[in-house]
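Student: Quick one, fold the following:
(2 chains)
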Amino acid sequence: MSVSPRPPPPRSPGFLPRPGSRIPYGFAPCPSQIFEYNGSAVVAMVGKNCFAIASDRRLGVQLQTIATDFQRVFKIHDKLYIGLSGLATDAQTLYQRLVFRHKLYQLREERDMKPETFASLVSALLYEKRFGPYFCQPVIAGLGDDDVPFICTMDFIGAKELAKDFVVSGTASESLYGACESMYKPNMEPDELFETISQALSSSVDRDCLSGWGGYVLIVTPTEVREHVIKTRMD
Amino acid sequence: MTGSMDLPAKGGFSFDLCRRNNMLQKNGLKLPGFRKTGTTIVGLVFQDGVVLGADTRATEGPIVADKNCEKIHFMAPNIYCCGAGTAADTEAVTDMVSSQLQLHRYATGRESRVVTALTLLKSHLFRYQGHVSAALVLGGVDCTGPHLHTVYPHGSTDTLPFATMGSGSLAAMSVFESKYKEGLTREEGIQLVSDAICAGIFNDLGSGSNVDVCVITKGKTEYLRNHQLPNPRTYASSKGYSFTKGQTEVLSTKITPLKQKVEVTEGGDAMEE
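Tutor: Numbering: from 1, shown residues only, chains lettered A, B, ... in the order given. Sure, this is the predicted structure:
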């Protein structure tokens, strides 16, 4: 009679409390603020016939940093990107579902989705889960017809907010609002847009404990896509 | 989870994440706040039709998320609806009823009536017992005349000659109660609505920015987006910030040229048959 192999014992990461120990503040297995579990900062800005979308690179579990190369900005097609802030697991699941829907659309329509259509799709997907939502706030940025830049953000149940200048989301959003409001100028060229969005992102995440640890900036123009990893304070 | 990824859902709400969210809530999660439109929305009936008005601020807790959002939603060419409450709910419910009205117009071949929109809205909101938090001011002109209604999140409605909703409703109602009279002209109606919205903008913290007005009369609708801008941004410095190229420290760069999509047209002779 063969004995089935015993399943491996569950891994216990050091920060989870052992049974019977007192739980120190900040180490409870579930957070009271779900958006502050992983920490995130995403911002998108409009320039002259181009757009920029940037995010921080930290993945944390409350106050402990797990990774400093976490991807929050995902590509849907060449001229459409989505940044997902909030709970990291929901961000990845939502991204996978959106790519699935976009691929179905490509098969049926034989073309890429326009950014406005994609924003409506994301809004519908989030509102469908109105009473049991995904804890994600998307930032959508794309080049539409005639390469007119389009940006929008939503709250986690899909209320769209279109903007002509910049959109922000994440735990650092309050600082980002302030930084973008003062640093933004309309009709910036790609180089200047890159500098502006990078400075806005780095200064805002410096004032937020839960986001930061590097920045990822993407500039999209009608002819090329530039990805930069920028250096910020690593604390 | 088998099968749920195969086809997009056929509409309605989906409750699959509720179990996980309930578990999180038992472990101490407090559900975060949604974007609300802490708002002032108003409507009044004048001699030729209906005037609707709204402010343009969308809030997320104490932060202003959108300084110029649109709160007057299209329902039918002769019916518009202002929405207060949770932004996602007002947008979704007005979009849904607007689509249902259009299908109804195709089926009947007639202009939509305001009471049709009203009944669709109230029955949807009542079904969800107030959990779909949308407070609406619905106004329009149809073959039976001008109509103005308010719809509350639990599904009750009122039919009124002048109405206000939202966090700034008391400020706006005080203006209406003192200055409203029957048989207003178009200019008087627009002026009164703008005054009421301005009262909301300046006295209520949840409302702000600009005034949107929509005038609906028999056969004609005018949407005056940003009719008044009483809060211009005058403090911004004209020079702004300028960053020199190379100011940001870059660790790595990757440049991908985008392929130009080339259209190939078949030229030449048609096939011989």
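Student: give me the number of residues near residue B:189?
Tutor: 23 (other CB atoms under 10 Å in any protein chain shown). Every C-beta, even on glycine, is put in place using the N, C-alpha and C of the backbone.
Student: Which of the three states applies to it?
Tutor: helix (DSSP: H, G, I helix; E, B strand; the rest coil).
Student: Send over stretch A:103-122 as PDB, restricted to the C-alpha atoms.
Tutor: C-alpha atoms of stretch A:103-122 as PDB (Å, rounded to 0.1, in the frame of the first residue of the first chain):
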ATOM      1  CA  LYS A 103      -8.200  40.100 -28.200                       C
ATOM      2  CA  LEU A 104     -11.800  39.000 -28.800                       C
ATOM      3  CA  TYR A 105     -12.600  42.500 -30.100                       C
ATOM      4  CA  GLN A 106      -9.600  42.300 -32.400                       C
ATOM      5  CA  LEU A 107     -10.700  39.000 -33.800                       C
ATOM      6  CA  ARG A 108     -14.200  40.300 -34.400                       C
ATOM      7  CA  GLU A 109     -13.500  43.800 -35.700                       C
ATOM      8  CA  GLU A 110     -10.000  43.100 -37.200                       C
ATOM      9  CA  ARG A 111      -8.600  46.300 -35.700                       C
ATOM     10  CA  ASP A 112      -7.400  47.700 -32.400                       C
ATOM     11  CA  MET A 113      -9.800  49.300 -29.900                       C
ATOM     12  CA  LYS A 114     -10.000  53.100 -29.700                       C
ATOM     13  CA  PRO A 115      -9.100  54.500 -26.300                       C
ATOM     14  CA  GLU A 116     -12.600  55.900 -25.700                       C
ATOM     15  CA  THR A 117     -14.200  52.500 -26.500                       C
ATOM     16  CA  PHE A 118     -11.600  50.800 -24.200                       C
ATOM     17  CA  ALA A 119     -12.400  53.200 -21.400                       C
ATOM     18  CA  SER A 120     -16.100  52.300 -21.700                       C
ATOM     19  CA  LEU A 121     -15.200  48.700 -21.600                       C
ATOM     20  CA  VAL A 122     -13.200  49.100 -18.400                       C
END
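Student: So for it, what gets flagged as buried?
Tutor: Of the residues in stretch A:103-122, A:105, A:112, A:113, A:114, A:115, A:116, A:117, A:118, A:119, A:120, A:121, A:122 count as buried by neighbour count, 16 or more other CB atoms under 10 Å in any protein chain shown.
Student: And for stretch A:48-68?
Tutor: Buried, per 16+ other CB under 10 Å, within stretch A:48-68: A:49-61, A:65.
Student: Please apply the same query to stretch B:41-48.
Tutor: Neighbour count says stretch B:41-48 has B:41, B:42, B:43, B:44, B:45, B:46, B:48 buried, by 16+ other CB under 10 Å.
Student: helix or strand for the fourth one, which one?
Tutor: Read it as residue B:44. strand B:41-45 (DSSP states H and E).
Student: can you give me the angle the next helix or strand after that strand makes with strand B:41-45?
Tutor: Following strand B:41-45 in sequence order, the next helix or strand is strand B:49-54 (DSSP H and E). Using axes from the mean of the first three to the mean of the last three CA atoms, to 10 degrees, the inter-axis angle of strand B:49-54 relative to strand B:41-45 is 170 degrees.
Student: partner strands of strand B:49-54, parallel or antiparallel?
Tutor: strand B:41-45 (antiparallel), strand B:211-217 (antiparallel) (DSSP bridges).
Student: Identify the residues contacting that strand?
Tutor: Contact with strand B:49-54 is made by B:39-44, B:71-72, B:80, B:82, B:137, B:139-141, B:146-148, B:186, B:189-190, B:192-194, B:196-197, B:211-218, as judged by CB atoms under 8 Å, 6 or more residues apart in numbering or on different chains.
Student: do that again at 6 Å, thanks
Tutor: The contact list for strand B:49-54, computed with CB atoms under 6 Å, 6 or more residues apart in numbering or on different chains, reads B:41-44, B:71-72, B:80, B:82, B:139, B:141, B:146, B:148, B:189-190, B:193, B:197, B:212-217.
Student: And stretch B:143-151, by the same measure?
Tutor: Contacts for stretch B:143-151 (CB under 6 Å, 6+ apart): B:43, B:45, B:49-50, B:114, B:118, B:121-122, B:136-139, B:157-160, B:163, B:165.
Student: tell me the contacts of the most centrally placed residue in chain A?
Tutor: The centre of chain A sits closest to residue A:84, judged by CA atoms, centre = their mean, with a distance of 2.8 Å. Listed by CB under 6 Å, 6+ apart, the contact partners of residue A:84 are A:72, A:91, A:136, A:138.
Student: distance of the spatially closest residue to residue B:17 that is not a sequence neighbour from residue A:120?
Tutor: Leaving aside its sequence neighbours, residue B:17 sits nearest to residue A:132 (CB to CB, 6 or more residues apart in numbering or on different chains; 3.9 Å). Residue A:132 sits 21 Å away from residue A:120, going by CB to CB, to the nearest Å.
Student: And for residue B:223?
Tutor: When residue B:223 is compared with residue A:120 (using CB to CB), they lie 21 Å apart.
Student: Helix or strand: which one has the closest residue to residue B:95 other than its chain neighbours?
Tutor: With sequence-adjacent residues excluded and distances taken as CB to CB, 6+ apart, residue B:95 is closest to residue B:73, at 7.6 Å. Per DSSP H and E: residue B:73 is located in strand B:72-76.
Student: go on, residue B:99?
Tutor: helix B:87-108.
Student: wait, what's in contact with residue A:58?
Tutor: Going by CB under 6 Å, 6+ apart, the list of residues near residue A:58 reads A:39, A:65, A:211, A:212, A:213.
Student: which residues are contacting the helix holding residue B:99?
Tutor: A:127, A:157-159, B:35, B:37, B:58, B:73, B:75-76, B:81, B:83, B:112, B:117, B:120-121, B:132-134.
Student: The helix or strand immediately after that helix in the chain vs strand B:49-54, what angle?
Tutor: Past helix B:87-108, further along toward the C-terminus, the next helix or strand under DSSP H and E is helix B:114-127. Between helix B:114-127 and strand B:49-54, the angle formed by their directions is 40 degrees, by the same axes, to 10 degrees.
Student: Taking their axis directions, helix B:114-127 and strand B:72-76 sit at what angle?
Tutor: Going by the same axes, to 10 degrees, helix B:114-127 makes 120 degrees with strand B:72-76.
Student: My guess is the residue nearest to residue B:95 contacts residue B:81. True?
Tutor: Yes: between residue B:73 and residue B:81 there is a contact under CB atoms under 6 Å: 5.0 Å.
Student: Give me the more crowded residue out of these two.
Tutor: residue B:81 (31 against 21).
Student: From residue A:187, how far out is residue A:46?
Tutor: For residue A:46 relative to residue A:187 (CB to CB), the value is 9 Å.
Student: what about the strands in the chain?
Tutor: I went with chain A, as the question did not name one. For chain A, strands defined by DSSP state E occupy the ranges A:41-46, A:51-56, A:59-61, A:64-67, A:73-77, A:80-86, A:136-143, A:149-154, A:160-163, A:166-170, A:215-220, A:224-230.
Student: right idea, wrong chain: chain B
Tutor: B:36-37, B:41-45, B:49-54, B:58-60, B:63-66, B:72-76, B:79-86, B:134-142, B:145-151, B:157-159, B:162-165, B:211-217, B:220-228, B:250-257.
Student: In TSV, list those strands along with mean pLDDT.
Tutor: Below are the strands of chain B laid out as TSV (pLDDT from 0 to 100):
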stretch	mean pLDDT
strand B:36-37	64
strand B:41-45	97
strand B:49-54	96
strand B:58-60	84
strand B:63-66	86
strand B:72-76	96
strand B:79-86	94
strand B:134-142	96
strand B:145-151	96
strand B:157-159	96
strand B:162-165	96
strand B:211-217	96
strand B:220-228	93
strand B:250-257	92
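Student: Between the ones you listed, which one is closest to residue A:197.
Tutor: Comparing the strands of chain B against residue A:197 with CB to CB, the closest turns out to be strand B:250-257 (12.7 Å).
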